[in-house]
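Student: Based on what follows, work out the 3D shape:
(one chain, ligands or ions: 2)
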Amino acid sequence: MDQQYRDKVPAISVVVPCFNEEESLTVLVDRVSTVCHDIASGDYEIVLVNDGSRDSTWAVIAELTEKFPQVVGVNLARNYGHQIALSAGLHICQGETVMVMDADLQDPPELLSALLAKMDEGYDVVYGQRVKRAGETMFKRASAKLFYRLFDQMVDVSVPSDTGDFRIMSRRVVDHLNAMPERYRFVRGMVSWIGFRQVALPYERDARFAGESHYPLRKMISFALDAITSFSTLPLRMAAHLGLVAGLLGMLMLGWVLISYAMGDTLTGWASIASIILILGSIQLLMLGIFGEYLGRMYLESKRRPLFIVQEVRAKPTLSTDRNH
Ligand code: UDP
Ligand code: MG
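Tutor: Ligands and ions are numbered 1, 2, ... in the order given. You can find the predicted model right below:
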């Protein structure tokens, strides 16, 4: 984002994507302000990105920008999803060090000083690693675990398990991240990809402060698909592997048929043939689907649309504009 809404770069930016979070935001700003005041006195900003919420989140944010000069409200033109809302916040924030956290207070802002202390040891990225996840279902924990193991197997870039987007990053990492144009964004993977020195800080994840998770199964699956397809082409190669296995099985079977024929057996085999045809057909369709998934993503990437449209930015003292990104 080229427009400056402050004359001075703050020491710390806290970026928070918000979707239907009207109940948490006041407490969130309160807690973050307390923490930041201790660390950086007034020299920080809290960037609240409203991701097309359907409740009064934007009204709450607008009110907070009136009350707190450090709060920057960003209203996106519609709901773009968590990772894009986060990217919008990262484009707009200006701080030297950037902390990312969820609006639901599952990530305690009080960890900021511990995160900063680690950073002073010479790291560019310090990410929170959950040792305990309160208030999350067994299914959520099991699926998250499975996803990280699978991702690790398939992808060269290693994304440490049990990390979310809760982290602090140096300005140069955020600048590199902002320079990455892709539309299917799996931000924590992209941060790992960038490099520099990165380190984990273990913490206990709290339960949601209010409201419910916005990641139902459907969104979790599409999140996982985005993550894997944007970092790996292994699924495409699966076609070759499956073809090889099917071919070998076919050869074995042919051998068996020929031997039985030579020994005078006539084979009646329509049932086995039917099932083999079905299985092969389904493998082929499945692989076509995977090809289609990549092709569709290439098509959508190739349009090079902007990642998001900003409807309005609100911040004291100077700026309140309507503009497109
Ligand atoms: N979020 C968002 N847009 C969406 C869905 C979620 O900005 O379309 C935000 C949400 O407000 C929260 C964060 O992304 O700050 C993580 O969402 P949530 O807490 O629902 O996910 P979970 O913690 O259950 O994985
Ligand atoms: Mg949450």
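Student: switch to C-alpha atoms for all contacts and neighbour counts from now on
Tutor: Will do.
Student: What residues does the stretch 201-325 of the chain have near ligand 1?
Tutor: Ser213, His214, Tyr215 (Cα under 6 Å from any ligand atom).
Student: Mind doing that once more with 5 Å?
Tutor: Proximity of the stretch 201-325 of the chain to ligand 1 is confined to Ser213, His214 under the rule Cα under 5 Å from any ligand atom.
Student: low-confidence ranges in the stretch 201-325 of the chain?
Tutor: The stretch 201-325 of the chain contains residues with pLDDT under 70 at 207-208, 210, 266-268, 317-325.
Student: where do the strands sit along it?
Tutor: 310-315, 320-322 (DSSP state E, counting those that start in this stretch).
Student: same check, this time on the stretch 1-150 of the chain
Tutor: 12-18, 44-50, 71-76, 97-100, 125-133.
Student: Stretch 153-171 and ligand 1, are they touching?
Tutor: No - Stretch 153-171 does not reach ligand 1 (Cα under 5 Å from any ligand atom); its nearest approach is 8.2 Å.
Student: what is the mean pLDDT for that stretch?
Tutor: Average pLDDT, stretch 153-171: 82.
Student: How far off centre is it?
Tutor: Its chain's C-alpha centre and that of stretch 153-171 lie 10 Å apart, by Cα atoms, centre = their mean, to the nearest Å.
Student: Could you find the closest non-adjacent residue to Ala144?
Tutor: For Ala144, ignoring the flanking residues on the chain, the nearest one in space by Cα to Cα, 6 or more residues apart in numbering is Asp162 at 7.6 Å.
Student: Ligand 1 versus that neighbour, what's the distance?
Tutor: Separation of Asp162 from ligand 1 (Cα to the nearest ligand atom, to the nearest Å): 11 Å.
Student: same thing with Phe223?
Tutor: Counting by Cα to the nearest ligand atom, the gap from Phe223 to ligand 1 is 10 Å.
Student: nearest residue to that residue other than its sequence neighbours?
Tutor: Phe186 (7.9 Å).
Student: surely the one you found meets Leu225?
Tutor: No - taking Cα atoms under 8 Å as the definition, Phe186 is not a contact partner of Leu225, at 9.9 Å.
Student: The two: which has the busier surroundings?
Tutor: Higher neighbour count among Phe186 and Leu225: Phe186, with 23 against 15, using other Cα atoms under 10 Å.
Student: which phi and psi does that one have?
Tutor: The phi/psi pair for Phe186 (degrees, to the nearest 10) reads phi -120, psi 90.
Student: That one: what's it in contact with?
Tutor: In this structure, Phe186 makes contact with Gln83, Phe223, Asp226, Ala227, Ser230, judged by Cα atoms under 8 Å, 6 or more residues apart in numbering.
Student: Let's verify Asp156: helix, strand, or coil?
Tutor: Following DSSP: H, G, I helix; E, B strand; the rest coil, we place Asp156 in the coil state.
Student: okay, now it: neighbour count?
Tutor: Asp156 has 11 neighbouring residues, counting by other Cα under 10 Å.
Student: what's it in contact with, if anything?
Tutor: So Asp156 contacts Ser232 (Cα under 8 Å, 6+ apart).
Student: how near is it to Glu301?
Tutor: 22 Å (Cα to Cα, to the nearest Å).
Student: and if you look at Ala85?
Tutor: Ala85 is 18 Å from Glu301, by Cα to Cα.
Student: Can you tell me the closest non-neighbouring residue to Ala88?
Tutor: Phe308 (7.0 Å).
Student: from memory the one you found sits against Leu76, does it?
Tutor: Yes - the pair Phe308 / Leu76 is scored as a contact, 7.2 Å apart, by Cα under 8 Å.
Student: more crowded one of those two?
Tutor: Leu76 (23 against 19).
Student: Find the nearest non-adjacent residue to that one, please.
Tutor: Closest residue to Leu76 apart from its sequence neighbours, by Cα to Cα, 6+ apart: Val310 at 4.5 Å.
Student: pretty sure the one you found contacts Ala77?
Tutor: Yes - between Val310 and Ala77 there is a contact under Cα under 8 Å: 5.7 Å.
Student: Compare the two (neighbour count), which wins?
Tutor: Neighbour totals were compared for Val310 and Ala77, and Val310 leads with 20 against 15 (other Cα under 10 Å).
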